[in-house]
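**Q** For reference, the sequence and a predicted model appear below.
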Amino acid sequence: MISHDFQYEAPESFDIALDLLSSFGSEAAVLGGGTWLVPNMTYGRHRPKVVIDPKNLPLRAITRSGDELVLGSRTSYAQVIDSSSVADGAPLLAKMAQQVTGGPQIVGQGTVGGSACYGNPSSDVPACLVALGARMILRSKDGTRDVPASGFFLAPFVTAKRDDELLSEIRFPITSERASCAYEKLKFSTGSWPIVTANCIATTSVGSGLHLKIAVGGANETPVAYEVVTDTDPSEAELSNIAQRSAPLIEREWADEFAGSGYRRSVAPAIVRRALREALGRDRV
Amino acid sequence: MRKQKLSFKLNGEDRICEADSRWLLVEAIRQLDAAGTRVGCLTGDCGACTIMMDGAPVKSCLVLAVSADGASLTTIEGTSGQAADAVKTAFVARNGFQCGYCTSGMVILATEFLSRKRDPSEAEIREAIAGNLCRCTGYDDIVAAIGDAARALQEQHAEKSGA
Amino acid sequence: MAVRRDEPKGTEAQNSASMPLAGAWLGRSVPRIGGGRYVSGGVEYAADLVPRDALFLRVVRSSLAHAKIRSIDVEAASRFPGVVAVITGEQVRQISRPMPTRVPRERFPGYLDTYCLAGDEVLYVGHPIAAVIAVTANDAEAAIELVKVEYDELPAVLDAESGLNASSPKARSAWNTNLVAGDKIRQGDVEAAFAAADHVVRGSVSFAPATSAPMEPRCYFAEWDRRRSKLTLTGTMQQPHPTRWMIAEVMSLPEAQVRVVATDMGGTFGLKMVGHPEEALVAILSRHLNRTVAFVESREECFLANAREQTHHFELAANADGKLMAFRDRMVADIGTVSAVGGWLMAMVSPTVIPTVYDVPNCAVDSFLVTTNKPPWQGVRGYGKETGNLAVERAVDLMAVELGIDPVELRRKNLLAKSSFPHRLPSGHNLDSGDYEGALDQLLEMFPRARWEAVAGNETRGRVGVGFAFELTPEGASFPGSMPSGFETSTVIVDPTGTVRVATSVTSPGSGNETGIVQLVADVFGVHTAEVAIAQGDTDITPIGGGNTSSRSLMFGGAAAVLAARDVRERISTYVSELLGVGADQLQYVAGEIRSGDGKKTIPFKQAVHTIYTQAYSAAASVELPLQTSKTYRASNVRHVPDEHGRISSYPSFPYSVHAAAVEVDAETGQVRVLDYAAIHDCGIVVNPGLVEGQFKGAIVMGIGAALWEELQFGQDGTLTTNRLKTYVLPRSKDIPPLKIGHRCTPSPFHPLGMKGAGESGFGGAIAAITNAVANALGESGRSLSRIPHRPERILALLGGAR
């Protein structure tokens, strides 16, 4: 149960919401799906003075805008899974959503934007957004700015979103038709949160070989990402090499109750390699 | 402590709840004589608090009662209909419960799942309840019960259309 | 009392009606009585019954593992809106007495403070220091933070081995040792046997602390009736009468002034045994404040239920032909803080199972129970037996590797023969019966060993391993000196309309034993189960006994009910035999009738009963009234008088199981996946196979969880860091393959119905089978597999660089 008193606001317009955020700043919390904010309040880990519920704001749409896929920040994983726009425009996002832990309830309640704003190293969303080259659209009373996902996750549970800002949208460049993708997640059992995640987008281009965009989550305090260009049909040894390059990028390794230090860095390459192979359509060994 | 008047449509009935503004939805529901929705963890892990909210299954411990003002809620007490009956019958016949604490959540999920899915595989059934914990049964009998219910529903549909 | 909700149409009536009336209920998988309530949200657990006007208690808990309390400032908390009172340990000592201990106080190394709030010393992070009582739980929770406690920190003992050193700080200042208890079990000549043996293997199994984690946390509420000076305590309690006695002691009330009502429980697995401080707290405070006081445990608090942190260092000696000759075990248990709860006694049980199902003539076990500044142990499923079983099973597997013998054949070679029962274990336990080899053969028919071993032979990313294990599971614990001493009582009443009521001292954790007891009684009278009602868990109604522990409810409570029912039937038979002109022992009670042996003369059961009630001075004058009896079942095969070796035996029955598991170890991540699982279970005569199988499967899955994922972790400062279900991870539906289960039946010659008790067996066997399978998958590096659970980083470390 929640023991501290808080003010609850469900603003009917962005202006009101942004006014509230401007007034209360760090004393306010914005409710996404509630899947992390509410239990944190229940256990007293987070005590916002004001809870801003954006349920009346139009933040759940998935639209295509030019060469971008636009996701309202409160889009649920279920919406992502069911959306043909996502399937066409950013299939990696759907693959990630399909593997979210917690049953159909969490898949329906959890939001992509909410997870992004939480910045939990042990979660699915941050590295996936980095892999997709997403842009985070942040609104405040002062205006709108966008921050690339690669610069959004600053530290565990710390993002570039200011206290007076609301994440309104996440924008994705449309994934090329010549790209295939894979999302590989290591978790120790069904109920465990992600230990290491690997996102891979493999794009073939005529004459330029194979372009690989790789982003690893769960292993480092913040997502790590890198790009590689290689032959169109890389050997297994080459894939292992490419995967191995993830390890030194994990400079601030994450550790927790599931695995202590050293573990994530040592297994990340294996998870990346599996994602690479999956993206390239190779049979799972 | 602040009180707030919330209104829900609970199992088809309009209800007013004099809620403590800090309450989680599961706490508000339980105050409205719908104690069949259980509290197991309050962190969204066990699923004992699962209800249907505006047509979708939710873990009601993750919802602030105030944010659910005006919502349409179906709890285990109001879970009825053809799929629900098949599920409940199968759970009793198959020992799909032991202590029963997780059962409200399991029955609601199974009912929702079988309303959408006709001929589920065992893997699909296990996936459907993966967000809900049971500490007593080891899941086998729950999965078997849902499978039995699915088959019973198939037969009922076949009878209807066959006849 | 349960409120009846609408049954789903036809569910229960249909199921009951489909049971043919003729023939026995014994052995039938009758669906749960009142099953409709379970699927429609109609079961009322303790938290559902808390009265609207109750006050709520939340507990201020120590944030240090070991300290003196310098001061407690409750000023601000007391003034918080909604707070009715804040109580400290000092006040508790003015208005109550200490909680009784599970064993006589003289057995402890010094004074054991068992008041329900800490006095001047806190002994673990989470130790209750003060209680805040408020109008709402939310307000009580908020006020807790306003209670200011000042400590003088003391060195904490957080490791059992170092706690044994004479120079170690003491976990409890009043004691000059951390060694609380221990056992020394000897049989034969272990020294000589080891010296003479051809082969010796050594190893250890080391259990991380773990917990029961039922879906329903604890909940109690106490109602003080000032007019009658009577206290009613309602809630999640497995043991109503022991609890009543405890409350009477604490509150200096006659037992007759205390009523304990055990509610339907959402699982317990030992957690809800008697002795929790909050049980006493709500009771004391209800009287003190003259209000109903409720405590609803949070999931976070529920994780303070510690258990099972212990290590066995074992050695096994064998001859070249594979005959096991000697087993030695040094066991050290970190039992946390000793309190009024008996959970720590599990560590006394562990050594007593040695050497389980095998014939090992020479055994030596030394155990050391060490108190530390961690939370008290609470009962968990397995109750210590699982650890001794694992030590033996690992030893056998290591020996098989050493000898180059098939681990199944090594087992077969050394199993106690079916003809060797009763068989005395070194601990004094008298094994009742068993067909271990038969069970093993049955298992091998069910488990596709060859297929998995062929897969294991292939080079794949995953290493596949197969493991086998037996589990010997003593049940029916009846410890000397416990209150009460291990017997159970049932009352059977036949009402004038011919329906039957049973009231029994045993309770149910949610396993359905009430259904089994009804089946047994229905059989005695030859009536439909729908004619038999059962009451459990209310000390104003149910007779005296120990409650539900050690899988005793059906075995003991059911036996007592049968004894009582037979007694009442005899009385009815007096009348009917006169009426029908047939000897009483010729009468058959079947299908709602009482019949002569040849079936030619009959009278409906209800009619006979009606006559007995209405013609007590004429036709039924010879009947000894009332049609009501209470009988106690006291298990035979329990021996509290020491034998020639000074050993006693507190367990009368010995169900067992044998398990096979196939696992895949991911060599790149160390993760273990369970591919296949089979097990055979023998608990003697089974009343309701569906219920027993359900228990067995649940125990297996819990064992898999313990083997692979479940681990309580304590920080350097003694704080529990895994206090939520996200970090203490339980098995889920997708984690377990379908389980292949089979049954065997070797009745117990010591039980009137041949029953042995079910509910725990499966748990230890699963831990052992999975462990052996993982070791098998790891190959050579599997020899050093010792720590439970098998965390991927540990497995990866064992695999080392070998890929």
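**A** Thanks, I have it.
**Q** Could you measure from the residue of the stretch 151-300 of chain C found nearest chain A over to C:K726?
**A** Distances between the stretch 151-300 of chain C and chain A by Cβ to the nearest Cβ are smallest at C:E300, namely 6.6 Å. Yep, even glycine has a C-beta here, placed from its N, CA and C like the rest. Distance, C:E300 to C:K726, by Cβ to Cβ, to the nearest Å: 12 Å.
**Q** Identify the residues contacting the closest residue to chain B within the stretch 101-250 of chain C.
**A** Residue of the stretch 101-250 of chain C nearest chain B, by Cβ to the nearest Cβ: C:M215 (4.0 Å). Contacts for C:M215 (Cβ atoms under 8 Å, 6 or more residues apart in numbering or on different chains) come out as B:38, B:40, B:46, B:48, B:99, B:101-102, B:133-136, C:266-267.
**Q** Could you find the closest non-adjacent residue to it?
**A** B:Y101 (4.0 Å; Cβ to Cβ, 6 or more residues apart in numbering or on different chains).
**Q** which helix is the longest one in chain A?
**A** If you go by DSSP state H, chain A has its longest helix at helix A:263-279.
**Q** Report whether that one contacts chain C.
**A** Yes - with Cβ under 8 Å from any Cβ of the partner chain as the criterion, chain C is reached by helix A:263-279 at A:263, A:266-267, A:270-271.
**Q** out of these, who's nearest C:G388?
**A** A:Y263 (31.5 Å; Cβ to Cβ).
**Q** For stretch C:416-435, output the C-alpha coordinates as PDB.
**A** Taking Å, rounded to 0.1, in the frame of the first residue of the first chain, the C-alpha atoms of stretch C:416-435 are listed here in PDB:
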ATOM      1  CA  LEU C 416      17.400 -51.600   0.900                       C
ATOM      2  CA  ALA C 417      15.500 -54.600  -0.200                       C
ATOM      3  CA  LYS C 418      11.700 -54.800   0.000                       C
ATOM      4  CA  SER C 419      12.100 -57.600   2.500                       C
ATOM      5  CA  SER C 420      14.300 -55.700   4.900                       C
ATOM      6  CA  PHE C 421      11.600 -53.600   6.600                       C
ATOM      7  CA  PRO C 422      11.100 -52.500   9.200                       C
ATOM      8  CA  HIS C 423      14.600 -51.100   9.000                       C
ATOM      9  CA  ARG C 424      16.300 -49.000  11.700                       C
ATOM     10  CA  LEU C 425      18.300 -46.000  10.500                       C
ATOM     11  CA  PRO C 426      21.300 -44.800  12.400                       C
ATOM     12  CA  SER C 427      19.200 -41.900  13.700                       C
ATOM     13  CA  GLY C 428      16.700 -44.300  15.300                       C
ATOM     14  CA  HIS C 429      14.000 -43.800  12.700                       C
ATOM     15  CA  ASN C 430      12.300 -47.100  12.000                       C
ATOM     16  CA  LEU C 431      11.500 -47.300   8.200                       C
ATOM     17  CA  ASP C 432       8.100 -48.800   7.800                       C
ATOM     18  CA  SER C 433       8.000 -50.300   4.300                       C
ATOM     19  CA  GLY C 434       9.200 -49.600   0.800                       C
ATOM     20  CA  ASP C 435       9.800 -51.100  -2.600                       C
END
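**Q** buried sites along it?
**A** By neighbour count with 16 or more other Cβ atoms under 10 Å in any protein chain shown, stretch C:416-435 contains the buried residues C:416, C:421, C:423, C:425-435.
**Q** Which of those fall within helices?
**A** Among those, no member falls in helices (DSSP H).
**Q** can you list those residues in TSV and add pLDDT?
**A** What follows is the buried residues of stretch C:416-435, written out as TSV (pLDDT from 0 to 100):
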residue	pLDDT
C:L416	98
C:F421	96
C:H423	97
C:L425	97
C:P426	97
C:S427	96
C:G428	95
C:H429	96
C:N430	96
C:L431	97
C:D432	97
C:S433	97
C:G434	97
C:D435	98
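**Q** Show the average pLDDT along stretch A:230-246.
**A** Average pLDDT, stretch A:230-246: 95.
**Q** can you tell me the helix or strand for C:G764?
**A** helix C:763-778 (DSSP states H and E).
**Q** tell me, which helix in chain B spans the most residues?
**A** Max-length helix for chain B by DSSP H is helix B:140-162.
**Q** Please consider this matter closed, and thank you.
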